[in-house]
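*Asks:* With the input below, show me the fold.
(one chain, ligands or ions: 1)
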Amino acid sequence: MDTTAIEEAPHDEQLATTLAVRAAVAAIDPVDAEQTDDPYAAATAEYYELLATAHWQRTGDELSDLLRDIDPTAGPIVDVGAGTGIGLPYLLSVAPDVEVYAIEPSKAMRTALHTRLLLDPRLRDRITVDPRPLGEALPDRASAVVMSAVLGHLGDVERDRFWRFVVDRMPAGAPVVVEVLPPYRPVVVEPVRYAAVPVGRFVYEGWQSGRPAGDRLMRWTMTYRVLDGRTVVSEQAVTSTYRCWSPDDVVAEVSPYGLTVTEHGDSVVVRRT
Ligand SMILES: C[S@@+](CC[C@H](N)C(=O)[O-])C[C@H]1O[C@@H](n2cnc3c(N)ncnc32)[C@H](O)[C@@H]1O
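*Replies:* Numbers count the residues shown, from 1 in each chain. Alright, predicted model coming up:
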């Protein structure tokens, strides 16, 4: 790529990086994740663990609180789209004997997930990893379900199957915690750097931008950059589609199944009464 903009950027680091990424966003041809077998393998999996930790530090304790009253004898906590497993320690902290059923269809994300489990025997003993997508992977029952940054990936048939599972296979009052993040409707999102993490001599940056792609669809571009000072060592960009969900959308979706919804920060909790 052309790094001229970076070399000539002003001294102010933030402005320099902003100018640099604008140049980069224009210069790079992003990979279309949906044209690949494993959308998260296109670029995101490689950087996910490094760049998503700040989000979890902010929201992890909130999630544990929402799960505090579950009955672990009713079944495992199902973590739908567990990713690299950053959230797993928060889930296991809610009860000493709780098990987690982690559903993660991306081979690339599972590579990090398996590594995490092997490095920590406390996780390995209590977490089962199912490599199939949600529609094929649901266990017999569950004491709770967690969906963090996943709902927008799920299709109509898969969601229908899932809400029926909540009605038929979960106890009354058991929480389904669904993260619902803005934008609730498609908008233009200018490139924003959401994380910059130093590792060794380099800094890893995650950038996000988006544009509307339909009534409820956003087309997101993620750009990942490895910087040695102002020099770009590596850069990858990927685009993918994600369906927007507001708390009201979730209410409209689950009401026909007789399920109720309460709002808690960035999440909604769905339950059967
Ligand atoms: C943005 S990541 C979130 C990972 C993790 N929940 C977190 O908050 O760090 C979305 C995850 O959902 C997974 N996913 C996508 N489609 C799925 C499906 N149909 N069933 C289960 N998981 C899916 C992806 O592979 C990816 O790991």
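
*Asks:* Using the record's domain definitions, break the protein down for me.
*Replies:* 4-35+183-243, 53-180+245-272 (automatic domain parsing).

*Asks:* quick one, which of those domains is nearest to the ligand?
*Replies:* domain 53-180+245-272 (2.5 Å; CB to the nearest ligand atom). Every C-beta, even on glycine, is put in place using the N, C-alpha and C of the backbone.

*Asks:* For stretch 99-114, buried residues please.
*Replies:* By 16 or more other CB atoms under 10 Å, the buried positions in stretch 99-114 come out as 99-106, 108-110, 112-113.

*Asks:* Let me have the domains of the chain in TSV, extended by mean pLDDT.
*Replies:* TSV is the format used below for the domains of the chain (pLDDT from 0 to 100):
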stretch	mean pLDDT
domain 4-35+183-243	84
domain 53-180+245-272	96
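
*Asks:* which one of those is the most hemmed in?
*Replies:* domain 53-180+245-272 (a mean of 18; mean count of other CB atoms under 10 Å).

*Asks:* Are that one and the ligand in contact anywhere?
*Replies:* Yes: using CB under 6 Å from any ligand atom, domain 53-180+245-272 reaches the ligand at 80-83, 86-87, 103-106, 109, 133-134, 148-150, 153-154, 158.

*Asks:* can you put the buried residues of stretch 99-114 in TSV and add distance to Glu46 and secondary structure?
*Replies:* Converted to TSV, these look like this (distance: CB to CB, whole Å; DSSP: H, G, I helix; E, B strand; the rest coil):
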residue	distance to Glu46	secondary structure
Glu99	29	coil
Val100	24	strand
Tyr101	26	strand
Ala102	20	strand
Ile103	21	strand
Glu104	16	coil
Pro105	17	coil
Ser106	12	coil
Ala108	8	helix
Met109	10	helix
Arg110	13	helix
Ala112	9	helix
Leu113	14	helix
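
*Asks:* Widest-spaced pair of the residues you listed?
*Replies:* Glu99 and Ala108 (24.8 Å; CB to CB).

*Asks:* just the helices in the stretch 101-250 of the chain please.
*Replies:* Assignment of helices within the stretch 101-250 of the chain using DSSP state H, counting those that start in this stretch yields the ranges 107-119, 121-124, 134-137, 156-169, 247-254.

*Asks:* which strands and helices sit next to the last one?
*Replies:* Under the contact definition 3 or more CB pairs under 8 Å, 6 or more residues apart in numbering; DSSP states H and E, helix 247-254 sits against helix 156-169, strand 259-264, strand 267-272.

*Asks:* tell me the angle it makes with strand 259-264.
*Replies:* 160 degrees (axes from the mean of the first three to the mean of the last three CA atoms, to 10 degrees).

*Asks:* do the longest one as well
*Replies:* For helix 156-169 and strand 259-264, the angle between their directions (the same axes, to 10 degrees) works out to 100 degrees.

*Asks:* Now do helix 156-169 against strand 267-272: the angle between them, please.
*Replies:* Going by the same axes, to 10 degrees, helix 156-169 makes 60 degrees with strand 267-272.

*Asks:* got it, and the first one?
*Replies:* Going by the same axes, to 10 degrees, helix 107-119 is angled at 90 degrees with respect to strand 267-272.

*Asks:* So in terms of bridging, what pairs with Val261?
*Replies:* Val270 (DSSP bridges).

*Asks:* dump the residue contacts of it.
*Replies:* Val261 sits next to 247, 250-251, 254, 268-270 when contact means CB atoms under 8 Å, 6 or more residues apart in numbering.

*Asks:* And Glu62, by the same measure?
*Replies:* 264-267.
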